[in-house]
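Engineer: Got a predicted structure plus its sequence, pasted below:
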Amino acid sequence: MAEKVVVGMSGGVDSSVAAYLLKKAGYDVIGVTMQIWQDEEEYAQQENGGCCGLSAVDDARRVAQMLDIPYYVMNFKREFKKEVMDYFTDEYLHGRTPNPCIACNRYVKWEALLKRSLDIGADYIATGHYAQVTKLPNGRYAIQNSVTAAKDQTYALYNLTQEQLAHTLMPVGAYTKDEIRAMAAEIGLPVAAKKDSQEICFITDNDYASFIEKETGITAPAGDFVNTRGEVIGRHRGITHYTVGQRRGLNIAAGRRVFVLEIRPETNEVVIGEGDEVFSHTVKANRLNFMGIEDIPVGTDVELTGKIRYGHKGSMCIATRTGEDELVCRFPEAVRAVTPGQALVLYKDGYVAAGGTII
């Protein structure tokens with residue numbers, strides 16, 4: 001009997017081709033769209049598109065009909081609100097810059113969807129991510145770079161567990177984006193030319209501060225811009241408007257280019273400095289997740305490649321375990337804008353070794 005796989009279908013080209021490839025490979029495929037959008041106005045849902053809008057259901061259903069696979073919409077609104085939206089607003093209010101896609105992957109797309117899929121007798125879940133699941137010689141599962149570095153999505157998947165990876169398929173990781181679009185067009189999928197969804201699906205206008213205010217009822221109070229000597233050099237609009245490394249929108253007449261160096265929620269200050277001050281050789285992280293390697297013993301040094309944000313190409317670093325849930329990475333080549341709340345993802349030989357949240 002064919003193994004059963006639940007494919008998370010966002011209505012986009014990647015997950016649609018993932019379903020096609022798995023059916024072609026002989027799996028018993030079930031298409032599922034996760035209903036995660038909240039009770040927003042209908043036009044916003046339609047405009048939103050991507051993996052959150054109502055259009056996702058329409059597109060995914062059409063693809064499922066064409067592929068002749070069963071299709072369902074599963075409600076994950078509660079999980080998404082708690083694990084992604086509430087986490088997002090809370091992190092910003094505490095002066096950190098979260099990555100909601102990482103939280104969504106771990107707690108909604110995998111934890112919640114996988115549990116429900118296993119409950120209905122599935123062997124695997126699958127997504128349209130540009131990454132590959134591999135079993136290493138040490139017996140551990142890891143996320144490996146896709147064949148196309150230009151569309152690599154391993155960074156946002158570092159937090160998955162061994163149990164989750166053992167039940168995960170990622171067929172799209174073996175192809176480039178152009179190959180996936182060409183395949184979709186060749187088999188006549190209606191979403192072959194559909195544009196990619198935006199990064200943060202639940203904020204359609206990129207105005208994070210307004211979203212946080214509307215969602216929580218909390219308006220972050222204005223406060224002081226200070227320099228590294230503690231001198232007041234201006235007034236800020238509230239810490240939710242800023243992130244480390246930011247240059248635009250500061251409205252400070254400094255006579256030179258200045259950047260956000262640090263956000264201090266306890267004193268409601270935003271620290272401002274010059275270009276060279278935004279670079280650092282040291283990154284500290286907690287909330288650790290070990291993937292390709294089982295552990296880094298306390299006090300041990302390991303040479304790895306570290307990425308401190310999605311767009312960072314990665315640099316060599318020395319990772320040292322400094323506590324039960326803490327490690328420090330030393331980068332010989334300084335990295336720019338180390339941002340609390342973002343992920344530090346560590347790679348070895350092209351696969352994800354471990355990761356954590358920057359503190």
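Structural biologist: Yes, it's here.

Engineer: Which strands and helices lie in contact with whichever helix or strand Val17 is part of?
Structural biologist: Here Val17 sits within helix 13-24, counting by DSSP states H and E. When contacts are defined as 3 or more C-beta pairs under 8 Å, 6 or more residues apart in numbering; DSSP states H and E, helix 13-24 packs onto strand 4-8, strand 28-35, helix 54-67, strand 124-126, helix 177-186. Quick note: C-beta positions are derived from backbone N, CA and C, even for glycine.

Engineer: Please enumerate the helices of the stretch 51-200 of the chain.
Structural biologist: All helices of the stretch 51-200 of the chain, identified by DSSP state H, counting those that start in this stretch, fall at 54-67, 77-80, 87-93, 100-104, 113-119, 162-166, 177-186.

Engineer: In terms of mean pLDDT, which of those helices ranks lowest?
Structural biologist: Note on the helices of the stretch 51-200 of the chain: lowest mean pLDDT is at helix 54-67, with a mean of 89.

Engineer: Stretch 6-25: which residues count as buried?
Structural biologist: If you call a residue buried by 16 or more other C-beta atoms under 10 Å, then stretch 6-25 has these buried ones: 6-23.

Engineer: the bottom helix or strand of this protein by mean pLDDT?
Structural biologist: In the chain, no helix or strand scores lower on mean pLDDT, DSSP states H and E than helix 42-48, which sits at a mean of 44.

Engineer: ok so, going back, quick one, the helix holding Val17 and strand 28-35 angle?
Structural biologist: Interaxial angle, helix 13-24 versus strand 28-35 (axes from the mean of the first three to the mean of the last three C-alpha atoms, to 10 degrees): 160 degrees.

Engineer: Let me see the mean pLDDT of helix 13-24.
Structural biologist: Mean predicted confidence for helix 13-24 is 97.

Engineer: and stretch 132-148, how far apart are its ends?
Structural biologist: Distance between the boundary residues of stretch 132-148 (C-alpha to C-alpha, to the nearest Å) amounts to 11 Å.

Engineer: quick one: buried residues of it?
Structural biologist: If you call a residue buried by 16+ other C-beta under 10 Å, then stretch 132-148 has these buried ones: Gln132, Val133, Thr134, Leu136, Arg140, Tyr141, Ala142, Ile143, Gln144, Asn145, Ser146, Thr148.

Engineer: Next, work out how far apart the nearest residue to the first one once chain neighbours are set aside and Asp301 are.
Structural biologist: When the adjacent residues along the chain are set aside, Gln132 lies closest to Gly173, with 3.8 Å between them (C-beta to C-beta, 6 or more residues apart in numbering). For Gly173, the distance to Asp301 under the criterion C-beta to C-beta, to the nearest Å works out to 31 Å.

Engineer: Neighbour count for these two, which is higher?
Structural biologist: A count of neighbours by other C-beta atoms under 10 Å puts Gly173 above the other of Gly173 and Asp301, at 25 against 12.

Engineer: residues contacting Asn99?
Structural biologist: Asn99 is in contact with Ala156, Tyr310, Gly341, Gln342, Ala343, counting by C-beta atoms under 8 Å, 6 or more residues apart in numbering.

Engineer: ok, the fourth one - contacts?
Structural biologist: So the one you mean is Gln342. Neighbour list for Gln342: Thr97, Pro98, Asn99, Ile308, Arg309, Thr357, Ile358 [criterion: C-beta under 8 Å, 6+ apart].

Engineer: Please tell me the pLDDT value assigned to it.
Structural biologist: Here the pLDDT value assigned to Gln342 is 97.

Engineer: Ramachandran coordinates for it?
Structural biologist: With angles defined as degrees, to the nearest 10, Gln342 sits at phi -80, psi 170.

Engineer: Next one: it from Glu91, what distance?
Structural biologist: Separation of Gln342 from Glu91 (C-beta to C-beta) stands at 10 Å.

Engineer: Tell me the spacing between Gly230 and Val271.
Structural biologist: 9 Å.

Engineer: oh sorry, the question was meant for Met66
Structural biologist: 54 Å.
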